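*Asks:* I would like to see how this sequence folds:
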Amino acid sequence: MRGSEFAELKAFAAVADRSSFARAAEHLGLSPSALSQTIRQLEARLGVRLLNRTTRSVSTTEAGARLHQRIAPLFADLDDAVAEAGAVAGQPVGTLRINTLGMAARQFIAPRLGRFHRAHPGVVLDIVVDDALSDIVEGRFDAGIRAGGRIEKDMIAVRLTPDVRMKIVSAPDYLARHGAPTTPADLAHHACINWRLQQDGRVYRWELHKRGKRLEVATEGPLVTNDASLGVAAALQGLGLLYAFDHAQVDEALAAGRLVPVMADWTVTKPGLFLYYASRRHPSAALMAFVDCLRDRDLQV
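*Replies:* A predicted model of the protein is given here:
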């Protein structure tokens with residue numbers, strides 16, 4: 001393959017990855033006009049249109065999607081190989097792209113940023129907070145972080161936390177005004193703070209379990225959100241009961257008495273958090289260093 005052909009394919013992959021000529025041009029260090037010309041040259045050489053362009057969006061054609069599916073992993077492997085070859089004195093270098101749940105970013109990544117950078121100054125962390133369960137292979141991420149029950153079978157998963165017991169909590173003043181529910185049926189008479197699932201837009205049905213009996217309960221209340229911090233804030237202000245996913249924020253409030261547990265005998269155990277990556281990709285030294293940092297018990301949240 002000639003150098004110009006390699007550059008054309010790399011330019012196409014950058015545009016397809018980002019669905020944007022402007023972002024791809026910035027990544028490649030080119031002007032948008034030069035990048036557009038490179039893509040036109042590639043399409044002319046192959047005799048097929050690879051990208052659909054409008055004033056607002058860029059997407060791959062059917063032929064472009066097939067080409068991108070084949071070449072994207074090759075460029076990822078090349079990037080890994082170059083990063084490993086360029087490591088100085090055994091230290092990992094390069095950019096590490098991570099797709100993570102918001103609560104994992106807050107609980108595990110944020111407290112370790114300084115330590116990781118001091119230990120591995122040659123690694124740039126590119127962290128995308130995403131609760132929508134995006135495809136990390138399609139998005140060209142090195143790894144993702146999510147709950148164990150939602151990881152595809154063809155991934156290698158590294159456990160970060162034990163399984164977690166879910167919690168229903170409330171502000172004491174809400175319970176003083178409305179009383180405390182003791183059964184799932186009681187929830188119909190209470191205001192509940194609800195979660196909007198990003199992956200499909202559904203409102204989450206509260207999962208409850210007691211002595212072998214499992215229920216999914218649709219609840220109603222004054223707030224529906226997909227942001228954990230907003231849900232916790234609403235509970236602290238007495239808007240209603242909260243089915244808590246982000247335990248770091250909730251546990252602090254429970255310890256201070258600003259929130260109290262409700263229906264503790266009905267909550268379920270959920271799979272813990274895992275870091276995962278594609279089984280067909282050899283993990284880079286940077287990724288392994290990042291995993292070690294996240295699993296460091298000295299900083300476990």
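*Asks:* if I look at T38, how far off is A119?
*Replies:* According to Cβ to Cβ, to the nearest Å, T38 stands 38 Å off from A119. The way it works is simple: take the backbone N, C-alpha and C, and place the C-beta from them, glycine included.
*Asks:* residue contacts, the residue nearest to V217 when sequence neighbours are not counted?
*Replies:* Distances taken as Cβ to Cβ, 6 or more residues apart in numbering place W206 nearest to V217, at 4.6 Å, with adjacent residues excluded. Contacts for W206 (Cβ atoms under 8 Å, 6 or more residues apart in numbering) come out as 168, 187, 192, 216-219, 243.
*Asks:* closest to P271 among these?
*Replies:* Y243 (16.2 Å; Cβ to Cβ).
*Asks:* with only the CA atoms kept, save the host helix or strand of that closest one in PDB.
*Replies:* According to DSSP states H and E, Y243 maps onto strand 241-244. What follows is strand 241-244, C-alpha atoms only, in PDB (Å, rounded to 0.1, in the frame of the first residue of the first chain):
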ATOM      1  CA  LEU A 241     -38.300   7.800  47.900                       C
ATOM      2  CA  LEU A 242     -35.200   7.000  45.900                       C
ATOM      3  CA  TYR A 243     -34.000   3.600  44.500                       C
ATOM      4  CA  ALA A 244     -30.300   4.300  44.800                       C
END
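*Asks:* hmm, who's touching the next helix or strand after it?
*Replies:* Using DSSP H and E, the next helix or strand after strand 241-244 towards the C-terminus is helix 247-256. For helix 247-256, the surrounding residues in contact (Cβ under 8 Å, 6+ apart) are 103, 106-107, 164, 167, 169, 228-229, 232, 235-236, 242, 244, 259-261, 301.
*Asks:* can you rerun that using 7 Å?
*Replies:* 106-107, 164, 167, 169, 228-229, 232, 236, 244, 259, 261, 301 (Cβ atoms under 7 Å, 6 or more residues apart in numbering).
*Asks:* partner strands of the helix or strand just after it and their direction?
*Replies:* Using DSSP H and E, the next helix or strand after helix 247-256 towards the C-terminus is strand 260-262. Sheet pairing of strand 260-262 (DSSP bridges) gives strand 167-170 (antiparallel).
*Asks:* only the buried residues of the helix or strand following the partner strand, if you could.
*Replies:* The helix or strand immediately downstream of strand 167-170 is helix 172-178, counting by DSSP H and E. For helix 172-178, a neighbour-count test (16 or more other Cβ atoms under 10 Å) marks 174-175 as buried.
*Asks:* can I get helix 172-178 in CSV, CA atoms only?
*Replies:* Written as CSV, here are the backbone C-alpha positions of helix 172-178 (Å, rounded to 0.1, in the frame of the first residue of the first chain):
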residue,chain,number,x,y,z
PRO,A,172,-36.3,11.8,57.3
ASP,A,173,-38.7,14.8,56.8
TYR,A,174,-40.4,13.0,53.9
LEU,A,175,-41.1,10.0,56.1
ALA,A,176,-42.3,12.3,58.9
ARG,A,177,-44.9,13.7,56.5
HIS,A,178,-45.9,10.6,54.7
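*Asks:* which of T38 and A119 has more residues huddled nearby?
*Replies:* Set T38 next to A119 and count neighbours by other Cβ atoms under 10 Å: T38 wins out with 22 against 14.
*Asks:* correct me, but that one touches E8?
*Replies:* Yes: at 5.6 Å, T38 and E8 qualify as touching, with contact defined as Cβ atoms under 7 Å.
*Asks:* circling back: tell me how far the strand holding Y243 lies from the chain's centre.
*Replies:* 22 Å (Cα atoms, centre = their mean, to the nearest Å).
*Asks:* how about stretch 150-161?
*Replies:* 13 Å.
*Asks:* gap between L215 and E207?
*Replies:* For L215, the distance to E207 - Cβ to Cβ - is 8 Å.
*Asks:* before we move on, the earlier item: so which of the contacts of W206 wins on neighbours?
*Replies:* Most surrounded of the contacts of W206: other Cβ under 10 Å gives Y243, at 26 neighbours.
*Asks:* ok, back up a step: can you flag the buried ones in the contacts of helix 247-256?
*Replies:* 106-107, 164, 167, 169, 228, 232, 236, 244, 259.
*Asks:* farthest pair within the residues you listed?
*Replies:* The most distant members of the buried ones among the contacts of helix 247-256, if one measures by Cβ to Cβ, are V164 and L236, lying 20.6 Å apart.
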